[in-house]
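[1] Sequence and computational prediction follow.
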Amino acid sequence: FANPHIVVTTRSVRMGDETPDPSSSNANPRKRTATEGPCSATLLGNLPIPPPTNPPSYRTYGPKRETVVLGIEGSANKVGVGVLSYDPTSQSYTTLSNPRKTYVSPPGHGFLPKETAWHHQAHVVALCRSALDEAFPGDEHPEQHLAAICYTMGPGLGAPLRSCAVAARTLSLLFSIPIIAVNHCVAHIEMGRVATGAADPVVLYVSGGNTQVIAYSDQRYRIFGETIDIAIGNCLDRFARCIGLSNDPSPGYNIEQEAKLAGVGDALIPLPYVVKGMDVSFSGILTHVETLAKTKLKNGLVSKADLCFSLQETLFAMLVEITERTMAHCGQNQVLIVGGVGCNKRLQQMMEQMVKARGGTLCAMDHRYCIDNGAMIAQAGILALQHGVTTQLEDSTCTQRFRTDQVKTVWRPPTVWKHT
């Protein structure tokens with residue numbers, strides 16, 4: 001990459017590629033799910049990993065005494081299992097496997113919690129087997145190398161979360177290893193930090209259920225701004241259903257492709273722009289653009305492409321504005337985009353322009369690690385495990401509401417933020 005203002009990780013394809021989400025219904029199940037090299041932990045500025053205790057508090061594997069964990073993600077319509085290792089000799093994290101399956105609902109329909117839970121229950125065992133087989137090929141007992149089972153505690157949909165939590169508890173008891181409950185939002189951030197080497201960025205977290213601008217201070221990820229109604233991914237998904245776009249591989253991806261077909265010059269249709277301080281609102285914009293779709297689109301006065309283009313430009317401009325304000329407030333010059341909507345190339349392009357103007361760098365990933373996956377749960381879980389945090393079996397529940405700033409990130413230094 002010639003542009004120095006974008007940090008592109010080994011866990012990313014070229015930003016110009018238009019590779020569909022491999023978790024779609026037509027993905028090749030035999031294809032390797034983790035081909036990237038190790039990512040250094042020395043760039044992150046985390047606290048040193050405590051030395052091993054005697055007896056050791058968790059299991060290590062091989063002559064290098066690697067720590068290996070398995071993570072299970074299932075907070076929405078994707079169920080994923082990731083196996084991740086830490087090599088103390090090179091001080092690096094490596095994703096060994098990361099398979100996932102997506103529940104794809106029919107066009108015009110969203111995914112219901114009950115049906116999504118059935119999907120996860122049908123696939124989670126096979127995904128665990130596939131992940132372990134890929135991580136330890138030819139090994140008859142790969143479970144003996146695991147130090148812990150990590151799972152998504154929340155936030156998310158109740159029934160899918162519960163299905164995966166039961167699977168995690170079962171494996172923990174079956175293999176006699178600890179279980180670690182993980183906050184879904186923190187998992188996105190930690191995977192992004194490790195994958196891109198971003199030590200202390202301003203984080204834009206954009207997904208189907210969350211929209212937050214975050215900065216770190218004193219072992220908490222502090223929320224500086226967020227949506228006051230629906231998440232940006234939910235807004236895009238609902239509009240895609242309104243105009244009849246497919247849910248495969250995802251509604252947001254199909255909106256992104258449709259927007260590229262918009263005309264030049266007069267394609268931008270004025271839409272409400274709702275930024276309230278550091279917060280944003282998307283529900284009114286959605287109502288307005290849905291009304292345009294039911295009137296002007298039906299009468300041929302506008303095209304689907306123009307509506308998709310205008311919606312993207314408006315929503316992403318709002319996100320860029322509150323992200324820039326957070327950068328200025330915190331004195332930061334680095335932005336990390338995480339979450340499923342974060343792999344949108346247009347969002348990355350608009351954010352890059354703003355960050356470049358401020359002399360900063362943008363850290364972005366592609367669909368393999370932006371979209372929900374098991375490896376990100378394993379990443380947050382292994383950080384907790386290495387610093388002595390596990391979950392008692394009776395506490396290994398799940399919750400639909402679990403805010404980012406509720407988690408104490410014990411692996412990061414207690415640096416208190418100061419106004420610049």
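    Nice, thanks for sending it over. Residues are numbered from 1 along each chain as shown.
[2] Pull up the distance across stretch 226-233, start to finish.
    13 Å (Cα to Cα, to the nearest Å).
[3] can you tell me the average pLDDT over that stretch?
    When pLDDT is averaged over stretch 226-233, the result is 98.
[4] so what secondary structure elements neighbour the helix or strand that residue 350 is a member of?
    Secondary-structure element containing residue 350, defined by DSSP states H and E: helix 345-357. Here helix 345-357 touches helix 251-259, helix 304-330, strand 334-338, strand 361-364, going by 3 or more Cβ pairs under 8 Å, 6 or more residues apart in numbering; DSSP states H and E. Any C-beta I mention is one placed from the backbone N, CA and C, and that applies to glycine too.
[5] quick one, that helix and helix 251-259 angle?
    80 degrees (axes from the mean of the first three to the mean of the last three Cα atoms, to 10 degrees).
[6] So what angle separates the directions of helix 345-357 and helix 304-330?
    Using the same axes, to 10 degrees: helix 345-357 against helix 304-330 is 30 degrees.
[7] Any idea which residue is closest to the centre of the protein?
    For the chain, the residue nearest the mean C-alpha position is residue 339 (3.5 Å; Cα atoms, centre = their mean).
[8] Return the distance of the closest residue to that one other than its chain neighbours relative to residue 96.
    With Cβ to Cβ, 6 or more residues apart in numbering as the criterion, residue 339 has its nearest non-adjacent residue at 3.6 Å, and that residue is residue 207. Using Cβ to Cβ, to the nearest Å, residue 207 is found at 25 Å from residue 96.
[9] For the spatially closest residue to residue 344 that is not a sequence neighbour, give me its contacts.
    Of all residues not flanking residue 344 in the chain, residue 256 sits nearest, at 5.4 Å (Cβ to Cβ, 6+ apart). By Cβ atoms under 8 Å, 6 or more residues apart in numbering, the contact set of residue 256 is 308, 312, 344, 345, 346.
[10] now the end-to-end length of stretch 63-74.
    Start-to-end, stretch 63-74 (Cα to Cα) is 33 Å.
[11] returning to what we had before: pLDDT at the residue nearest to the centre of the chain, what is it?
    97.
[12] ok, residue 207 and residue 96, which is more surrounded?
    Just comparing residue 207 and residue 96: by other Cβ atoms under 10 Å the higher neighbour count belongs to residue 207, 25 against 22.
[13] Give me the distance between the more buried one and residue 106.
    Counting by Cβ to Cβ, the gap from residue 207 to residue 106 is 22 Å.
[14] do the same with residue 252
    17 Å.
[15] ok, back up a step: which one of the contacts of residue 256 sits closest to residue 297?
    residue 308 (10.7 Å; Cβ to Cβ).
[16] Identify the bridge partners of residue 78.
    Beta bridges link residue 78 to residue 102, judged by DSSP bridges.
[17] okay, now residue 103: neighbour count?
    Using other Cβ under 10 Å, the number of residues around residue 103 comes to 22.
[18] which residues touch it?
    77, 78, 79, 111, 115, 116, 119, 120.
[19] hang on, the earlier thing: is it correct that the residue nearest to the centre of the chain is in contact with residue 206?
    Yes - counting by Cβ atoms under 8 Å, residue 339 does reach residue 206; the two are 4.5 Å apart.
[20] Find the residues that touch each one of these two.
    Common neighbours of residue 339 and residue 206 (Cβ under 8 Å, 6+ apart) are residue 233.
[21] picking up where we left off before, mind putting the contacts of residue 256 into a markdown table with neighbour count?
    As requested, the contacts of residue 256 are exported to a markdown table (neighbours: other Cβ atoms under 10 Å):
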| residue | neighbour count |
| --- | --- |
| 308 | 26 |
| 312 | 22 |
| 344 | 27 |
| 345 | 15 |
| 346 | 15 |
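[22] Among those, which one lies nearest to residue 152?
    Using Cβ to Cβ, these come closest to residue 152 at residue 344, 22.9 Å.
[23] Listing request: residues of this structure with sub-threshold pLDDT.
    Scanning the chain with the threshold set as pLDDT under 70 gives 1-30, 264-266, 417-420.
[24] ok, now with 80
    For the chain, the stretches flagged by pLDDT under 80 are 1-30, 263-266, 416-420.
[25] thinking again about what came up before, of residue 252 and residue 106, who's got more company?
    When neighbours are counted by other Cβ under 10 Å, residue 252 and residue 106 differ, and residue 252 comes out ahead with 28 against 10.
[26] Which residue is the nearest non-sequential neighbour of that one?
    In this structure, residue 252 finds its nearest non-sequential neighbour in residue 236, 4.5 Å apart by Cβ to Cβ, 6+ apart.
[27] re the thing from before, CA-only coordinates of the helix holding residue 350 in PDB, if you can.
    Only the C-alpha atoms of helix 345-357 are listed here, as PDB (Å, rounded to 0.1, in the frame of the first residue of the first chain):
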ATOM      1  CA  LYS A 345     -15.000   0.300   1.500                       C
ATOM      2  CA  ARG A 346     -16.900   3.600   1.200                       C
ATOM      3  CA  LEU A 347     -16.900   4.100   5.000                       C
ATOM      4  CA  GLN A 348     -13.200   3.300   5.100                       C
ATOM      5  CA  GLN A 349     -12.600   5.800   2.200                       C
ATOM      6  CA  MET A 350     -14.500   8.600   3.900                       C
ATOM      7  CA  MET A 351     -12.800   8.000   7.200                       C
ATOM      8  CA  GLU A 352      -9.400   7.900   5.500                       C
ATOM      9  CA  GLN A 353      -9.900  11.300   4.000                       C
ATOM     10  CA  MET A 354     -10.700  12.900   7.400                       C
ATOM     11  CA  VAL A 355      -7.900  11.100   9.200                       C
ATOM     12  CA  LYS A 356      -5.400  12.000   6.500                       C
ATOM     13  CA  ALA A 357      -6.400  15.700   6.700                       C
END
